[in-house]
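Undergrad: Got a predicted structure here, sequence first:
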Amino acid sequence: MATKIFVNYPISDLERSKAFYTALGATIDPRFTDDNGACLVWGEDIITMILKREFFASFTDKQVADPATTAQMQLAFSRDSREEVDAVVEAGLAAGGTEPKPAQDYGFMYSRDMEDPDGNIVAFIFMEPAAVEQGPEAYMAAQAQA
């Protein structure tokens, strides 16, 4: 069985968050969705659970960070092109997200960050396939010689 990735994080408004994340391309699995949270499927092996803050808090004895003021994690999803990165971020902005900083272009990788309506950070990246294969330094060196 392949390893699956499950990420849980707190949100304040379940319906608003469901609308935001479905605008980004996630689908909701109704079998694991109720009044406390929603199961967002990004792919066969990547699932996120958006949970109402008070329900999320029941899973830990630690204080739950406020994502509007504290960065605790960043989800990053790859896309197949820079244009796909731009398109998904534009859809997120139209659905109530914000972009906290300009796009980051490293030559071998293009990245845009956005914050969901609660302040959770979601990034979308495109990495040149040759950079994945060769590593960023070798790819950039080859680009400089071209």
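TA: Yep, it's here.
Undergrad: Can you tell me the closest non-neighbouring residue to the spatially most central residue of the chain?
TA: Against the mean C-alpha coordinate of the chain, by C-alpha atoms, centre = their mean, the closest residue is residue 122 at 3.3 Å. Ranked by C-beta to C-beta, 6 or more residues apart in numbering and with sequence neighbours excluded, the top spatial neighbour of residue 122 is residue 75, at 5.0 Å. C-beta coordinates here come from the backbone N, C-alpha and C atoms, glycine included.
Undergrad: In this structure the one you found contacts residue 116, no?
TA: No - using C-beta atoms under 8 Å, residue 75 makes no contact with residue 116, being 9.5 Å away.
Undergrad: And the helices in the chain?
TA: 14-23, 53-57, 82-94, 129-134, 136-145 (DSSP state H).
Undergrad: Residue 45 is nearest to which of the ones you listed?
TA: helix 14-23 (17.3 Å; C-beta to C-beta).
Undergrad: Cheers, nothing more for now.
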